[in-house]
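Q: Following is a predicted model, sequence given first.
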Amino acid sequence: MDDLKKHIRDIPDFPKKGIIFKDITTLLMQPDAFRDAVEAIVKEYKDKKIDKVLAVEARGFIFGGAVACGLKAGFIPVRKKGKLPWKTNAITYELEYGSDTLEMHHDAIKPGENVLIVDDLLATGGTVKAVTDLVKQFEGKIAGIAFLIELSFLKGRDKLKEYPIHSLITY
């Protein structure tokens, strides 16, 4: 999957000075690269009997929806507080400067369902850790967590030790 790296653009000093942002829009514009990334995630989980694929807005939706289709699974959007139209369960978690709240529809997961969490990037792991806690509220089983990109130097994997993680690209 290192071949996918050539489709990722580095944007220095975004969103703030000192950060090198990994821009995936250049990969998304390449139909073969985008398809290869989605198919690689689907291949990894095709035999795991995934009931639902869960993804966090916004870039996670791009991969999560496509992976759900490939796995013939349902798709669960996790959104920021106040963005979903029906009853929700919520989780509030700490960020570097403050906190954030994520929500999922109250009927999104039935107890015992196998859930695959998909996101574009694993950095510090805080957001995905919050999502795993949200899945636990529903008594769902986390079958795995998949990322397009993992920034291993930020050690996000350490917060997710109890789950199998699959990253297509590692920096």
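A: The structure has been received and is ready for your questions.
Q: For this structure, which segments count as strands?
A: With strands called from DSSP state E, the chain shows them at 9-12, 20-23, 52-56, 74-80, 88-95, 98-105, 114-122, 141-150, 165-170.
Q: Give me the contact list for the third one.
A: Strand 52-56 is contacted by residues 61, 63-65, 67-68, 71, 73-79, 102, 104, 108-109, 113-119, 127-128, 131, 135, 140 when judged by C-beta atoms under 8 Å, 6 or more residues apart in numbering. The way it works is simple: take the backbone N, C-alpha and C, and place the C-beta from them, glycine included.
Q: Check the second one too.
A: Contacts of strand 20-23 with the rest of the structure, by C-beta under 8 Å, 6+ apart, involve 8-12, 14-15, 121, 149, 151, 171.
Q: residue contacts, the residue lying closest to residue 152 once chain neighbours are set aside?
A: What sits nearest to residue 152 in space, not counting adjacent residues and going by C-beta to C-beta, 6 or more residues apart in numbering, is residue 170, at 5.3 Å. If a contact means C-beta under 8 Å, 6+ apart, then residue 170 has 149-150, 152 as its contacts.
Q: can you tell me the average pLDDT over stretch 114-124?
A: For stretch 114-124, mean pLDDT is 97.
Q: Any idea which residue is closest to the centre of the protein?
A: Centroid check for the chain by C-alpha atoms, centre = their mean gives residue 119 as the closest residue, at 1.8 Å.
Q: who touches the residue nearest to that residue when sequence neighbours are not counted in this structure?
A: Spatial nearest neighbour of residue 119, chain neighbours left out: residue 60 (4.2 Å); criterion: C-beta to C-beta, 6+ apart. Counting by C-beta under 8 Å, 6+ apart, residue 60 makes contact with 78, 118-120.
Q: same thing but 10 Å
A: 53-54, 77-78, 117-121, 127-128, 131, 147-148 (C-beta atoms under 10 Å, 6 or more residues apart in numbering).
Q: Among those residues, find me the one that's closest to residue 36.
A: Closest approach between those and residue 36, by C-beta to C-beta: residue 148, at 10.9 Å.
Q: Count the neighbours of that closest one for me.
A: 28 (other C-beta atoms under 10 Å).
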